[in-house]
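S.K.: Predicted model follows, preceded by the sequence.
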Amino acid sequence: MFPVKELKRSFLISIWFSFLTFPIMVIKVDAIERVVSWRWENMFFIAFGSFFISILTKVYFLRKERRTGRKKVNRELTEAFMQRILREPRFLYPLSLAVLLFALLFPALFSTYQTNIMTTALMYVVLGLGLNVVVGVAGLLDLGYVAFYAVGAYSYALLNLYFDMGFWAVLPLGGLFAAFLGIMLGFPVLRLRGDYLAIVTLGFGEIIRLVLENWSAFSQGPSGIANIPRPGFFGMEMSFDSGIVYIYYIVVALVVFTIFVVNRLQDSRLGRAWLALREDEIACQAMGIDKTRTKLIAFSLGAFWAGLVGVIFAAKTTFVNPASFTFLESAIILSIVVLGGMGSIVGVIFGALILILMPEYLRALSEYRMLAFGGILVVMMVFKPDGIISNVRRSYRFKKQPAKDVIE
Amino acid sequence: MTKTILNVTGLTKNFGGIKAIDNVDLDIKPGEIVALIGPNGAGKTTFFNCLTGIYTPSSGDIVLCHPNSEKEIRLNGMKPNKITEQGMARTFQNIRLFPTMSVLENVMIGRHCRTHSLILGAIFRGSATRREEREIVDMSYEILIKVGLQKEVNEEARNLSYGAQRRLEIARALATEPFLLLLDEPAAGMNPNETEDLVGLIKTICGEGQSILLIEHDMKLVMSLSDRIFVMDYGKKIAQGTPEEVRANPAVIKAYLGEDVDA
Amino acid sequence: MDYFIELFFVGLTRGSIYALIALGYTMVYGIIGLINFAHGEIYMIGAFTSFIVATVLSIYGFPLLAIVIVAGLAAAVWSSAYGYTIEKLAYRPLRKAPRLAPLISAIGMSIFLQNYVLLAQTSDFLPFPELIPEFDFMEPVAHIVGSSDLVILIVTTLVMLGLTFLIKFTKIGKAMRATAQDKTMAVLVGINVDRVISATFVIGSALAAIGGLLIASHVGQINFYIGFIAGIKAFTAAVLGGIGSIPGAVLGSLVLGLTESFATGYISSDYEDVFAFSLLVLILIFKPSGLLGKAETQKV
């Protein structure tokens, strides 16, 4: 059933990859001790691995080809099923309620350690949803998203250090600072074409981190700021454990708030304009949409959420330093959005939970984490650019039949 | 009746050393259908792009004046979206719809510049916002009825036939409430039936008081519809006048037959 | 004055290395309009390959000249192989996709390759063997210009001349220029566009590998992360010169190298990378077409 020609092809591919990875995977030198270790077993893994992956992808494409004919209907049905669950209130509401209930009971059911991990994952859910507005909905590739996260975290750290301000006072401020910075940066750069925008935001993210690292008088440099207080609760002293649970609930509340707001935004005049802008900028302008302003709103809204989460991050870890805000952090958040499905709220939630929880629970795999993130970006773009859950945007359906129509 | 709603004087556009448009004048009066014709590459679409702010003209003046007001607005250097807000909307020669949005949503985008709700409106969804949304939907639907697309209202725009896409472009432009509508080759690629419908549609729109400036290669359509015709060749205006005058103009005959026998 | 001349040569050396990497960015951009984000990683892999080969050979006691030649060739061959493979796996399937898709894929590839080298080799800085000896005739000026600076300048100049020849006079060079101007037309006149694109990646990768070898032996140490910063800087240089333009990439690289050298020499070395990033942001905002690039007019 599987053609011999393809086997030969896969065999050649495996030889090619064995050759390709030979110096890096097989040879390892110790320049000081002057010993060479030859790790031939790695070549074996690569050869077999690439052979099987190549066969699998071929099978995938063959099946896809065949499916386009007769099984397409079947596939559309399963997709329609997913979409129906996500769209129809009578499925969606009980489901969301159950999820919310589980989230609320989580600290009671699991240990503090688990709760703490879940808090981190939920923070990434919010970051993902925030970036989703920028990348997924408005189509602006922001590679410096972490800069706004850093602004939030440092707002709390510094305002607390110099002015002794509390968590609740800084929380909105951190978001606003980040949004303000988003506007300042966005104003000149949002005119740029998509790929240039990506690079400028990347450069900007690095500038912020480098400044934090080098301007020691202001930010205490690479050593960072320690002893940041956890959030207060009407001046009550809290034990370490209940502090963690408290932050967990703050984050859950933030997740609910974010989902609510993002959902409403997508389903509004502004959300329509973002979508249209992603599809055709020139047509949008010709239809009277102010390109820069509309993009700026998306950009600064995204920044606002990053700022909020930044403040919570500082309060949760009680310590910030520039090393937490590297480009890789932006890349992780981007992976969440891409894996989940650009523009889809449910997808982003799944994406964040998978990408953040998996390495936590599969400790053995955690060193392959970044490798996997990189791989995910490539594989998703090549095989399923829509993400695991493609966007189930509510499109406007016209239901009522006006009298005029009936007469015709 | 000497009032003009659009007055273009000495419009010039250079690309590097090339003069794509060279010192062109044009004017449109209320309720008129004006055609802009010329061989391929004559600079007609560039002319549209200058009017609608997609290109900045190198020199010359574009002045727009609302039929019910005396205020004259100079459009040079204005952003495309501001120009649309002033009441001049356009369609594109190579269709530029929002392909994955529904037909209704495409028209709703046209309502954007006449509506206002922003972030807070979207989040709190107060009565004003809800009323506005309802008005956007109702009005968009009415426009779709006018162009005959009410049956396809929930289709994705990319699934429409070519002729229907052209009509949807017109509907989307109408949604911005223009008093002057610029149509860039609206009949291109249409079959004779569709073209006939289009002529009817253009007449309806014109009958409602809107003026139309169109670029078109279908001479039968141009001659039957237009009140006046402007002819361009190599970036210059070579003739203007009523259909009869233009048809008899030797410069026009030379431009079409001398260079481009197909036309 | 000596200090000025010293900084000048430091800048020139730096600039020529940037140029070797920037050419890869600009050639790929010129042909398929993609910012090949993984290009910095190609350069890093070139440096690693030459490091591994050179160290192995020196352990087995080969003479210096043989080591230099074999390490250089190995770096070029393997980097090209990586460039070719990356294009086929991560970019070719996305040729008709929306513009951001290949860019995201490229970013993913960059992260993947960094961590691949990190896991397969090490996260530590590795001491790179000294491949370029101190020449005796350079003795009198050694306090201003080092021997390796000289070698870098000479090698870069030769490579540039070779590349110019390749693009101006060979068949593949003509095909590349044709494809850059109009892909559809190139197909119609019988150019195998896929092959031209592959060739562009191979050539660009080989240049980056030579850059990797030169800088690694100049600086004396490497790690898996060098590709990221070098890549961004070379990209800055390419944009500064006008992305898509080959002389622009060289000019931009020299300007960037000199700017960095003088800025760190006379102002402060703490903000070395900030200068480059700020320059990048400023050019993209104020003159995205760069020094020698052509402004794009959007077709409507």
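M.R.: Noted; the coordinates are in hand. Numbering: from 1, shown residues only, chains lettered A, B, ... in the order given.
S.K.: Look up phi and psi at B:Gly10.
M.R.: phi 60, psi 30 (degrees, to the nearest 10).
S.K.: Torsion angles phi and psi at the residue of chain A found nearest chain B?
M.R.: Of all residues in chain A, A:Gly288 sits closest to chain B, at 2.7 Å by C-beta to the nearest C-beta. The way it works is simple: take the backbone N, C-alpha and C, and place the C-beta from them, glycine included. With angles defined as degrees, to the nearest 10, A:Gly288 sits at phi 90, psi 20.
S.K.: what stretches of chain A score poorly on pLDDT?
M.R.: In the predicted model of chain A, residues A:1-2, A:67-89, A:233-237, A:387-408 satisfy pLDDT under 70.
S.K.: ranges for the strands of chain A?
M.R.: Assigned by DSSP state E, the strands in chain A fall at A:27-30, A:35-38.
S.K.: could these be laid out in a markdown table, adding distance to chain C and mean neighbour count?
M.R.: Below are the strands of chain A laid out as a markdown table (distance: least, C-beta to the nearest C-beta, whole Å; neighbours: other C-beta atoms under 10 Å in any protein chain shown):
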| stretch | distance to chain C | mean neighbour count |
| --- | --- | --- |
| strand A:27-30 | 4 | 17 |
| strand A:35-38 | 5 | 11 |
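S.K.: Can you tell me the SS state at B:Ala187?
M.R.: coil (DSSP: H, G, I helix; E, B strand; the rest coil).
S.K.: how about C:Phe275, what does it touch?
M.R.: Counting by C-beta atoms under 8 Å, 6 or more residues apart in numbering or on different chains, C:Phe275 touches C:Thr259, C:Glu260, C:Ala263, C:Thr264.
S.K.: wait, I meant A:Gly224
M.R.: Residues near A:Gly224 by C-beta under 8 Å, 6+ apart: A:Phe319, A:Val320, A:Asn321, A:Pro322, A:Ala323.
S.K.: hang on, isn't B:Ser224 packed against B:Gly200?
M.R.: No: if you go by C-beta atoms under 8 Å, B:Ser224 and B:Gly200 don't touch, sitting 11.6 Å apart.
S.K.: Report whether stretch C:32-50 contacts chain A.
M.R.: Yes: counting by C-beta under 8 Å from any C-beta of the partner chain, contacts between stretch C:32-50 and chain A involve C:Leu34, C:Ile35, C:Ile45, C:Phe48, C:Thr49.
S.K.: I'd like to know how far the fourth one sits from chain B.
M.R.: Distance, C:Phe48 to chain B, by C-beta to the nearest C-beta, to the nearest Å: 44 Å.
S.K.: tell me the mean pLDDT over the host helix or strand of that residue?
M.R.: Here C:Phe48, judged by DSSP states H and E, is contained in helix C:39-59. For helix C:39-59, mean pLDDT is 91.
S.K.: And that helix, how far out from the chain middle?
M.R.: 15 Å (C-alpha atoms, centre = their mean, to the nearest Å).
S.K.: what packs against it?
M.R.: Judged by 3 or more C-beta pairs under 8 Å, 6 or more residues apart in numbering or on different chains; DSSP states H and E, helix C:39-59 is in contact with strand A:27-30, strand A:35-38, helix C:2-32, helix C:64-86, helix C:100-120, helix C:193-219, strand C:221-222, helix C:226-241.
S.K.: Kindly recompute the last result at 7 Å.
M.R.: If contacts are counted by 3 or more C-beta pairs under 7 Å, 6 or more residues apart in numbering or on different chains; DSSP states H and E, helix C:39-59 sits against strand A:27-30, helix C:2-32, helix C:64-86, helix C:100-120, helix C:193-219, strand C:221-222, helix C:226-241.
S.K.: hang on, isn't A:Val126 packed against A:Val252?
M.R.: No: A:Val126 is beyond contact range of A:Val252, at 10.2 Å (criterion: C-beta atoms under 7 Å).
S.K.: out of those two, which sits in the more crowded spot?
M.R.: A:Val126 (24 against 19; other C-beta atoms under 10 Å in any protein chain shown).
S.K.: for that one, what are its contacts?
M.R.: A:Leu254, A:Val255, A:Thr258, A:Trp305, A:Val309 (C-beta atoms under 7 Å, 6 or more residues apart in numbering or on different chains).
S.K.: In a markdown table, list those along with distance to A:Glu367 and neighbour count.
M.R.: Shown next, in a markdown table, are the contacts of A:Val126 (distance: C-beta to C-beta, whole Å; neighbours: other C-beta atoms under 10 Å in any protein chain shown):
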| residue | distance to A:Glu367 | neighbour count |
| --- | --- | --- |
| A:Leu254 | 30 | 20 |
| A:Val255 | 29 | 19 |
| A:Thr258 | 31 | 23 |
| A:Trp305 | 30 | 30 |
| A:Val309 | 26 | 30 |
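S.K.: ok, those vs B:Ile143, which is closest?
M.R.: Distances from B:Ile143 to these, taken as C-beta to C-beta, are shortest for A:Thr258 (35.7 Å).
S.K.: Of the contacts of A:Gly224, which pair is most distant in space?
M.R.: Taking every pair in these and measuring C-beta to C-beta, the maximum separation is 11.9 Å, between A:Phe319 and A:Pro322.
S.K.: Following the host helix or strand of B:Met108 in sequence, what is the next regular element?
M.R.: In this assignment (DSSP H and E), B:Met108 forms part of helix B:103-110. Counting by DSSP H and E, the next helix or strand C-terminal to helix B:103-110 is helix B:119-124.
S.K.: Would you mind listing the buried residues in the next helix or strand after that next one?
M.R.: Once the chain leaves helix B:119-124, the next helix or strand it forms, by DSSP H and E, is helix B:127-147. For helix B:127-147, burial by neighbour count (16 or more other C-beta atoms under 10 Å in any protein chain shown) applies to B:129, B:132-133, B:136-137, B:139-147.
S.K.: Export these to TSV and append columns for distance to C:Ala90 and pLDDT.
M.R.: Listed next are the buried residues of helix B:127-147 as TSV, based on distance: C-beta to C-beta, whole Å; pLDDT from 0 to 100:
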residue	distance to C:Ala90	pLDDT
B:Thr129	44	86
B:Glu132	45	86
B:Glu133	42	85
B:Ile136	42	88
B:Val137	43	87
B:Met139	46	88
B:Ser140	42	89
B:Tyr141	45	89
B:Glu142	48	88
B:Ile143	45	89
B:Leu144	43	90
B:Ile145	48	89
B:Lys146	48	87
B:Val147	44	87
